[in-house]
Structure formats: structure tokens, C-alpha cells
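S.K.: I need the structure of the sequence given here:
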Amino acid sequence: MTESPSAADRDDVEPLADAILDAAERGADTRPDENAPPDAFSTAAMVFRRLSIDFVRRYNRLEVDTDAHAFDGPVLFVANHGFGGIFDLNVFAVGAALDQLELDRPITVLTHQLAWTLGVGRFVEALGARPASQASAEEAFNQGHHVVVFPGGDVDAMKSWEDRNRIIFGGRSGFARLAIENKVPIVPIVTAGAGESLLVLSSGERLARATRLDKLLRLKAAPVTVSLPWGLNVGAVGILPYLPLPTKLKTRVLTAMTATEDEDALEFAARVEIAMQRALTE
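M.R.: Numbering: from 1, shown residues only. Here you go, the predicted model:
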């Protein structure tokens with residue numbers, strides 16, 4: 001999902017080359033092993049990240065509102081999906097927001113196991129991703145990392161057109177329990193607009209159950225979509241990249257939230273989801 005400038009157009013090529021060099025330099029600062037020189041694979045991953053963020057900033061006219069935030073220790077960033085997984089515009093928008101915050105700690109992004117099932121685990125690991133699990137999160141917190149999680153998973157990522165402006169966590173509260181047990185605040189990040197980048201006719205949850213994708217790949221949705229360049233498609237778009245419509249994206253980093261003394265994980269999770277939905281609606 002990057003722009004493809006003509007090789008004959010020097011005015012386009014030179015900025016792209018500068019962006020690649022800049023991404024490579026940034027990649028050296030964020031690779032998992034800070035003592036090892038960046039290899040070609042990790043550099044390529046960071047180039048992809050930088051160009052993807054530049055893409056949504058320009059093509060989708062991304063606006064990021066971060067206000068003033070100061071973090072004394074690790075935090076759990078909780079974000080909503082727009083549409084898709086690795087190729088979700090919201091993922092790139094969250095990356096832009098984190099860059100704008102100028103964080104002074106490494107970031108671990110909890111990611112669906114499907115990335116490793118499809119053989120791109122090494123690529124996403126170079127971007128700071130780890131399989132979504134309590135163990136991965138606790139290891140990151142113990143190392144002093146910030147952690148990013150998209151609690152809605154594929155249910156939130158593959159929602160239909162009519163639900164495009166809803167945050168759907170499906171009753172999941174593990175992220176809230178994680179924050180409570182590790183004594184870290186939750187900082188919600190809300191992005192609006194990505195659900196309009198294609199037409200999702202159905203989330204395909206029944207289809208996923210009928211084809212046992214929920215058992216085989218831990219996928220609870222197989223969306224029926226209309227997008228560029230795939231046209232009418234079942235299940236693949238969102239896993240495969242697509243050309244999004246130039247919908248405008250707006251991202252807001254909300255105020256940090258902590259559980260009260262009388263709140264359990266379910267109540268805290270519900271309060272976070274309500275705050276995020278309110279921001280998305282606005």
C-alpha cells in the first residue's frame with residue numbers, strides 16, 4: 001500500500017529515496033536487538049513501516065491529535081481496528097500517533113497468530129510484533145516496553161459496512177486484566193475513517209464457523225468485500241493488501257485510564273470501550 005512513482009519523474013523518485021533512507025535510519029533505532037547491526041530484512045521491514053505511515057498521512061490526509069502526554073513508565077496502548085489485519089489503515093495510523101508521541105521506550109505490538117501461520121512472523125517481529133498472549137505482554141512489561149493491543153481482533157477488524165463506526169471488542173476483557181495485574185495505565189488510541197476505505201457486505205462470521213476457519217486459523221470472520229483491485233471477494237481482503245479509497249483518517253490519543261479500587265477487569269474493559277466509542281462517534 002505504497003505510492004508507485006514513475007521512474008521517469010525525478011521529482012517523485014528523489015523524495016521516495018530520501019524516505020527509504022530515513023526509514024532505514026529509524027529502523028536501526030527500533031530493531032529488537034539494539035546491539036546488533038540492522039540486517040537487510042529488518043531494514044526492509046522498517047522501510048515498509050515508514051512508507052506505510054507516510055502513505056496514510058498523504059493519501060488519507062491523516063490527522064493525529066495527541067494532546068500532551070507524559071508517561072513515567074510502561075503503558076498499555078489499546079486501539080481499535082478499521083478494516084483488515086497487518087494491512088489495516090488503523091495500524092499505520094496508530095504507528096503515526098506513536099511516532100508523534102516521541103516515546104522513550106521500545107514498543108511491543110501484540111499481533112494475531114495468523115501472521116506466523118502465514119509465514120510473515122519474522123517480518124512483523126522486525127516491526128516489534130509478538131504473538132498476542134498474556135506471556136508476550138508480561139515479558140514486554142518486564143523489559144520496560146510499552147505494549148500495543150487491538151482487543152477486538154478479527155471481529156473488530158472484519159466488521160461490516162453498517163458497523164464501520166462501531167468499536168467491537170466482543171466482551172473481551174483480557175487487556176483490562178493485563179493492565180490491572182501489571183499496574184500499568186491504559187491509553188486508548190481511536191481512529192475513524194478506515195471502515196469507509198472499501199465496501200464490506202458481510203463480516204462472514206457464519207461462513208468462518210461453517211468452514212472451520214475459527215478452529216483452523218483462529219479466524220472468527222471471513223468478510224465478503226468489494227475493493228480495488230480484487231472486486232468481489234470472500235475472506236482474503238484484509239489479509240491481502242488492497243487499494244483503499246481515499247477516505248480521510250482521524251486519530252486521537254485519549255487520556256490515560258486506570259482501574260478504580262472497586263472495578264474488576266470486565267467493568268474496566270467496558271469503561272475503556274465506552275470512552276473509545278464516544279471518541280469514535282465524535
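S.K.: Next, the contact list for residue 123, please.
M.R.: Contacts for residue 123 were tallied using C-beta atoms under 8 Å, 6 or more residues apart in numbering; they are 41, 45, 48, 115. For the C-beta atoms, the positions are set from N, CA and C on the backbone; glycine is no exception.
S.K.: Most neighbours of all those, which one?
M.R.: The most crowded member of the contacts of residue 123, judged by other C-beta atoms under 10 Å, is residue 45 (25 neighbours).
S.K.: tell me which element that one falls in.
M.R.: Element membership for residue 45, per DSSP states H and E: helix 40-58.
S.K.: Quick one: distance of the helix or strand that that helix is followed by to the chain centre.
M.R.: Later in the chain than helix 40-58, the nearest helix or strand by DSSP H and E is strand 63-65. In terms of C-alpha atoms, centre = their mean, to the nearest Å, the centre of strand 63-65 is found 16 Å from the chain centre.
S.K.: low pLDDT regions in the chain?
M.R.: By pLDDT under 70, the low-scoring segments of the chain are 1-38, 68, 118.
S.K.: try 50 this time
M.R.: Counting by pLDDT under 50, the chain has low-confidence residues at 1-32.
S.K.: mind giving me the domain split of it?
M.R.: Per automatic domain parsing, the structural domains of the chain span 1-59, 60-194+245-281.
S.K.: okay, now residue 104: neighbour count?
M.R.: The tally of other residues near residue 104 (other C-beta under 10 Å) stands at 7.
S.K.: wait, which of the contacts of residue 123 is closest to residue 253?
M.R.: residue 48 (23.2 Å; C-beta to C-beta).
S.K.: Check the secondary structure at the residue nearest the centre of the chain for me.
M.R.: Nearest to the mean C-alpha position of the chain, by C-alpha atoms, centre = their mean, lies residue 91 at 2.7 Å. Assigned with DSSP: H, G, I helix; E, B strand; the rest coil, residue 91 falls in the helix class.
S.K.: how near is it to residue 110?
M.R.: Counting by C-beta to C-beta, to the nearest Å, the gap from residue 91 to residue 110 is 12 Å.
S.K.: how about stretch 64-80: buried residues?
M.R.: 64, 66, 74-80 (16 or more other C-beta atoms under 10 Å).
S.K.: now swap in stretch 141-151 and tell me
M.R.: Quick answer for stretch 141-151 (16+ other C-beta under 10 Å): 141, 145-151.
S.K.: what's it in contact with?
M.R.: So stretch 141-151 is contacted by 71, 73-81, 90-91, 94, 98, 103, 105-110, 132, 137, 140, 156-157, 169, 172, 174-175, 178, 182, 184, 269 (C-beta under 8 Å, 6+ apart).
S.K.: Quick check on the residues you listed: which are buried?
M.R.: Taking 16+ other C-beta under 10 Å as the criterion, what is buried in these is 74-81, 90-91, 94, 98, 106-110, 132, 137, 140, 156-157, 169, 172, 174-175, 178, 182, 184, 269.
S.K.: Sort out for me which of those residues are in strands.
M.R.: Among those, the residues falling in strands (DSSP state E) are 76-79, 107-110.
S.K.: Residue 122: which of those residues is nearest?
M.R.: Closest to residue 122 out of these is residue 109 (14.6 Å), distances taken as C-beta to C-beta.
S.K.: and that closest one, bridged to which residues?
M.R.: Beta-bridge pairing for residue 109 (DSSP bridges): residue 129, residue 148.
S.K.: mind listing what residue 174 touches?
M.R.: Going by C-beta under 8 Å, 6+ apart, residue 174 touches 134, 151, 265.
S.K.: Nothing else from me, thank you.
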